[in-house]
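*Asks:* sequence first, then the predicted structure, then my questions.
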Amino acid sequence: MPFLEIVEITKKFGEFTALDKVSLQVHEGELVCFLGPSGCGKTTLLRAIAGLDIQTSGHIFQRGKEISNLPPTERDFGIVFQSYALFPNLTVEKNVGYGLVSNKMGRKAVGERVAELLDMVGLPDSGSKYPAALSGGQQQRVALARALATSPGMLLLDEPLSALDAKVRVRLRHEIKELQRQLGVTTVMVTHDQEEALSMADRIVVMNDGVIEQVGTPTEIYREPDSLFVANFVGEMNQLSGVAAGPHTVQLGTATLSSQSHGLETGTKGIVSIRPEDVIPHGPGARSPGAPDELSDIQNAFDGTIQEMEFLGSYWRARITGGLLDGDSLIADFSMNAVRRMSLAEGKTIKIELPSDRLRLFLGDDKGPEA
Amino acid sequence: MTALDQPRSLIPGPLSTLQRIRNLGTESWIMLAGIVSLCAALLALLVMPLYSLLSKAVEDDKGAFVGLANFQEYFSSAGLVQSIGNSLTIAGLTMVIACVLAFIFAYGITRSCMPFKRTFRALATIPILAPSLLPAISLIYLLGNQGMIKGLLFGETIYGPIGIMIGMIFYIFPHVLMIMVTALSTTDARLYEAAEVLGAGPVRIFFTVTIPGAIYGIVSAAVIAFTLTITDFGVPKVIGGQYNVLATDIYKQVIGQQNFSMGAVVGLVLLLPAMFSFVIDRHVKKKQVALLSARAVPYHPKPHKVRDRALLAFCVLMSLFLIGILGTAAFASLVTFWPYDLSLTLAHYDFDAVDPNGWSSFYNSLKMASFTAVVGVVVIFLGAYFVEKGRGFGRLRSGFHMLAMLPMAVPGLVLGLAYIFFFSRPENPLSVMYSTMTILVLCTIVHFYTVSHLTMLTALKQIDKEFESVSASLKVPFYKTMLRVHVPICLPTISEVMMYLFVNAMTTVSAVVFIYSPDTKLAAISVLNMDDVGDTAEASAMAMIIVLTSVTAKLLHGLIMKSFTARHSAWRQRTG
């Protein structure tokens, strides 16, 4: 039995449909991320799970028990918001112990539990401070401790890191994930930050326009996107106009390249996609173990000209034209190493390989939103 | 699709209202009960009385329906129709003059480098502390038949439009100034820098940047000035002489001639401009929000000798006017016989000698104002909390909010009159309250509800909207979090609203003048009565007692808040 089961949830705000028959299962102990652009319905879904905004129709089951219409007080969850929502007039201790006092624990037991929680989030000495005296990252830890205080069955995180500085964010990302794994608490997190989702989630739910586009592990989402939207939203993706030439081949310009199986009928126009880091340059000095001896033996390749190169620190980003591209440009990321070995430079024409296991074809006339 | 273990009844459809009600938790019931009782209270204390007023206007003295006959009679009486013109003229002129004066004063406070800005700002609040009868009485002392400086009028009489206008300017000045100051404070310095860089001169900048930036505030201030003037009763009652306006007409029809139907008609006529102003003000306020960007840079004036001195001179003159009016009343209450025997005496403060109620009316006022402040703030806080922080019952909550906005559009006189009609009917079970202290308290709370409600709402809006969600997830009922978190955070606003209610309850005349009884006579009404029978010095003395009470309350409030903040609000300071 799934820990949390969402069945055909629809939520309307007046005429606007925020969620359209969304169904999903969350398993015990996993961390699931709802990822999508603003307005995709991810927060609405989280609030429906919490009972904060009851859905217009549909059902929610937690541990097999229907909770669809229960008010939030009768559900079993802890929640952390983007704003932390710490009570400013109460000390850190009082904030963390807020939900404990009413559970009729003894005062001493409450004190011990609060100390334990503060220890757990790495703030053992901040109990007597007021929230305003803490940094953003510290406030977020307090909010987390407060949400976990009553040992809820489920932890809901609503954009918990987006109000923080980049460096603090990366550190907290790791800490939250560690804590979650340690406690084994089933967690649903909402974020619009793909990096956050990729690094933290056991499974990612990519949402767009009130529907789920794809559910999968971070590597599945990144490497095998189900739709052009997912491909674009998570990571970067080249989009070239192409036509389905066969079940495993696409026609790009005049050449036919082998690709992942795409399920489109032969002759259908679509968008050929490949991630910039999957593009392989070949030139003198490119010899690596197992590579073909002759450049002409390389499959799925064409001659392209490097129009521009941009230095991005750990790698170079190149814009390539010519060959099969038929007016389109291809963005490719080359390692420092490759650039040095092959003396890649602007204006140079080299062999460009598009590996068939990285090449996909999606249905679509327009090129969709830029990631 | 999802694989379910066993078939469940899955009929995803919208919940019916009945289902929703059945699904309500205990907390929702408490919240529902709270909102419903507040709505019921405002219906009983505002809407139904107004309805009685409306129906009274289409009845004759015996209660028979006569259609628009009363209106016909009203509009065929030249004297009564004349009052409409008089009221509009007075309100229009007062509005223009008060707005110009307040704009210059506010400009000095916000846009110059003159000294004593804080002092001027504090001095300008003097009129709030006094009943509107006070400036009128002072003006009579200064410019009336025995006036000390009546030569200034060059033969014109103060008993009439001139007196009403000067008195009204004094009375409404702080209200208009407050809005002007806000309008001129919320500006973006970058606009001025841009204009200067583009080569605009000071005059051009004033008309292309300053005025457009403040225009909504100016309109809002004008509307307030107009409404306050047209609905005020104290000033024209004391100094109006033979010059009739709508507000005094109502009083004369009801108290003088006992013609209740005609009083109701005049009340409805007076309701129109007030409603109209209310609508304009709402409209303007909505537009104003969009004008302010969060990234605006505050404007800091640079010194400019000529401008600063001119503004300083103006503010000094204006302050002298305000202090002079108050000082005259104070002085007149302390001299033996104005203007012939100026030896000092406290004899006029012996109210028991001239008025059957004597000092008891002051104690009544004190009691009424205290109850109004305490009961009022509780009700207003709860109402604002439900509107802003409640969950569910959206229509009910916005309905209550609309009801809470209504008192702003109802002049005090009209409210008081409506109360007579509604509560004096023996068949009304609420009539037991008639002529009690309770009805005075309730009427005053309703009268000043809107401003307090909006103030409280603003304070609550600044509190994180997720506190309720967090509280619910921790299984702590909302009312507990409200008491432990929202009330402490809002404490400064709560005490401010209490102060506002207290001072207004001390000084108000218009609504309560119709519903007080001999046992519940208030100090401000004593001022009115004593002035009516010619005990002017005693009237000034009582007005001064009201002023002193308001000032004392303000000072006490300041002291208490200061010591309280020092002890209980460590969390407000950033220490990290």
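*Replies:* Thanks, I have it.

*Asks:* going forward, measure contacts and count neighbours with C-alpha atoms only.
*Replies:* Will do.

*Asks:* quick check, pLDDT for B:A225.
*Replies:* Listed pLDDT for B:A225 reads 94.

*Asks:* next, the buried residues of stretch A:340-347.
*Replies:* Taking 16 or more other CA atoms under 10 Å in any protein chain shown as the neighbour-count basis, stretch A:340-347 is seen to contain the buried residues A:342, A:344.

*Asks:* just for the chain, where's the confidence low?
*Replies:* The chain I'm using is chain A. Counting by pLDDT under 70, chain A has low-confidence residues at A:102-103, A:284-296, A:365-371.

*Asks:* nope, chain B please
*Replies:* Ranges of chain B meeting pLDDT under 70: B:1-24, B:288-296, B:573-576.

*Asks:* return the backbone torsion pair for the closest residue to chain B within the stretch 1-150 of chain A.
*Replies:* The stretch 1-150 of chain A approaches chain B most closely through A:A133 (4.1 Å), counting by CA to the nearest CA. Here is the backbone geometry of A:A133 (degrees, to the nearest 10): phi -90, psi 0.

*Asks:* A:G78 contacts B:S473, correct?
*Replies:* Yes: with contact defined as CA atoms under 8 Å, A:G78 reaches B:S473; the gap is 5.6 Å.

*Asks:* which helix in chain A runs the most residues?
*Replies:* Longest helix in chain A, counting residues (DSSP state H): helix A:166-183.

*Asks:* can you give me the buried ones in that helix?
*Replies:* A:169, A:172-173, A:175-177, A:180.

*Asks:* just stretch A:107-122 next, same as before
*Replies:* Applying 16+ other CA under 10 Å to stretch A:107-122 flags A:110-111, A:113-118, A:121 as buried.

*Asks:* next one: B:R190 from chain A, what distance?
*Replies:* Distance from B:R190 to chain A, counting by CA to the nearest CA, to the nearest Å: 28 Å.

*Asks:* can you confirm that residue is in a helix?
*Replies:* Yes: assessed by DSSP: H, G, I helix; E, B strand; the rest coil, B:R190 belongs to a helix.

*Asks:* who's in contact with residue 315?
*Replies:* Defaulting to chain A. By CA atoms under 8 Å, 6 or more residues apart in numbering or on different chains, A:Y315 lies in contact with A:333-336.

*Asks:* switch to chain B, that's the one I care about
*Replies:* So B:C315 contacts B:105, B:108, B:120 (CA under 8 Å, 6+ apart).

*Asks:* which SS state does the second one fall under?
*Replies:* In three-state terms, and counting by three-state DSSP, B:G108 is helix.

*Asks:* got CSV for the buried residues of helix A:166-183, with distance to A:A197 too?
*Replies:* Below are those laid out as CSV (distance: CA to CA, whole Å):
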residue, distance to A:A197
A:R169, 12
A:L172, 13
A:R173, 10
A:E175, 14
A:I176, 12
A:K177, 11
A:Q180, 14
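
*Asks:* any buried residues in stretch A:6-24, and which?
*Replies:* Quick answer for stretch A:6-24 (16+ other CA under 10 Å): A:6-11, A:18-24.

*Asks:* return the distance of that stretch from the chain's centre.
*Replies:* 21 Å (CA atoms, centre = their mean, to the nearest Å).

*Asks:* end to end on that stretch, go ahead and measure it.
*Replies:* 5 Å (CA to CA, to the nearest Å).

*Asks:* any residues touching it, and which ones?
*Replies:* Outside stretch A:6-24, the residues touching it (CA under 8 Å, 6+ apart) are A:5, A:25, A:39-41, A:44-45, A:55-61, A:209-212, B:1-2, B:12.

*Asks:* now the buried members of those.
*Replies:* Counted by 16+ other CA under 10 Å, these give A:5, A:25, A:40-41, A:44-45, A:55-61, A:209-212 as buried.

*Asks:* count of neighbours near B:H283?
*Replies:* When neighbours are defined as other CA atoms under 10 Å in any protein chain shown, B:H283 has 13 of them.

*Asks:* toward the C-terminus from the strand or helix carrying it, list the very next helix or strand.
*Replies:* Using DSSP states H and E, B:H283 maps to helix B:260-291. Using DSSP H and E, the next helix or strand after helix B:260-291 towards the C-terminus is helix B:305-334.

*Asks:* may I see the buried residues of that following helix?
*Replies:* Counting neighbours by 16+ other CA under 10 Å, helix B:305-334 gives B:308-309, B:311-312, B:314-315, B:318-319, B:322, B:324-326, B:328-334 as buried.

*Asks:* likewise for stretch B:406-426?
*Replies:* Applying 16+ other CA under 10 Å to stretch B:406-426 flags B:406-424 as buried.

*Asks:* endpoints of that stretch, how far apart?
*Replies:* OK, stretch B:406-426 end separation, CA to CA: 27 Å.

*Asks:* what are the contacting residues of that stretch?
*Replies:* Contact with stretch B:406-426 is made by B:46, B:48-53, B:56, B:231, B:233, B:247, B:250, B:263-264, B:267-268, B:270-271, B:274-275, B:277-278, B:428, B:430-431, B:433-434, B:443, B:446-451, B:510-515, as judged by CA under 8 Å, 6+ apart.

*Asks:* show me these that map onto helices.
*Replies:* Short answer: the contacts of stretch B:406-426 in helices (DSSP H) are B:48-53, B:56, B:231, B:247, B:250, B:263-264, B:267-268, B:270-271, B:274-275, B:277-278, B:443, B:446-447, B:449-451.

*Asks:* let's see the PyMOL selection covering just the buried ones among those.
*Replies:* Buried residues among these (16+ other CA under 10 Å), as a PyMOL selection:
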select buried, chain B and resi 48+49+50+52+53+56+231+247+250+263+264+267+268+270+271+274+275+277+278+443+446+447+449+450+451
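
*Asks:* intersect the buried ones among the contacts of stretch A:6-24 with the contacts of chain B.
*Replies:* A:25, A:56-59 (CA under 8 Å from any CA of the partner chain).

*Asks:* which ones among those residues map onto strands?
*Replies:* A:25, A:57-59 (DSSP state E).

*Asks:* between the residues you listed, which sits nearest A:D158?
*Replies:* Comparing those against A:D158 with CA to CA places A:Q25 closest, at 18.6 Å.

*Asks:* wait, what's in contact with the closest one?
*Replies:* A:2-6, B:2.

*Asks:* identify the farthest-apart pair in the residues you listed.
*Replies:* A:F3 and B:T2 (13.3 Å).

*Asks:* in a markdown table, list the contacts of B:C315 along with distance to chain A and neighbour count.
*Replies:* A markdown table is the format used below for these (distance: CA to the nearest CA, whole Å; neighbours: other CA atoms under 10 Å in any protein chain shown):
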| residue | distance to chain A | neighbour count |
| --- | --- | --- |
| B:F105 | 38 | 26 |
| B:G108 | 36 | 25 |
| B:F120 | 35 | 19 |
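
*Asks:* could you export those as CSV, including distance to A:L257?
*Replies:* Shown next, in CSV, are the contacts of B:C315 (distance: CA to CA, whole Å):
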residue, distance to A:L257
B:F105, 79
B:G108, 77
B:F120, 82
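
*Asks:* what's the farthest-apart pair in the ones in strands among the ones next to chain B among the buried ones among the contacts of stretch A:6-24?
*Replies:* Among these, A:Q25 and A:S57 lie farthest apart (CA to CA), at 17.2 Å.

*Asks:* picking up where we left off before, how distant is the helix holding B:H283 from the center of its chain?
*Replies:* Chain-centre distance of helix B:260-291: 14 Å, with CA atoms, centre = their mean.

*Asks:* within reach of chain B, which of the buried residues of helix A:166-183 are there?
*Replies:* Counting by CA under 8 Å from any CA, no member of those reaches chain B.
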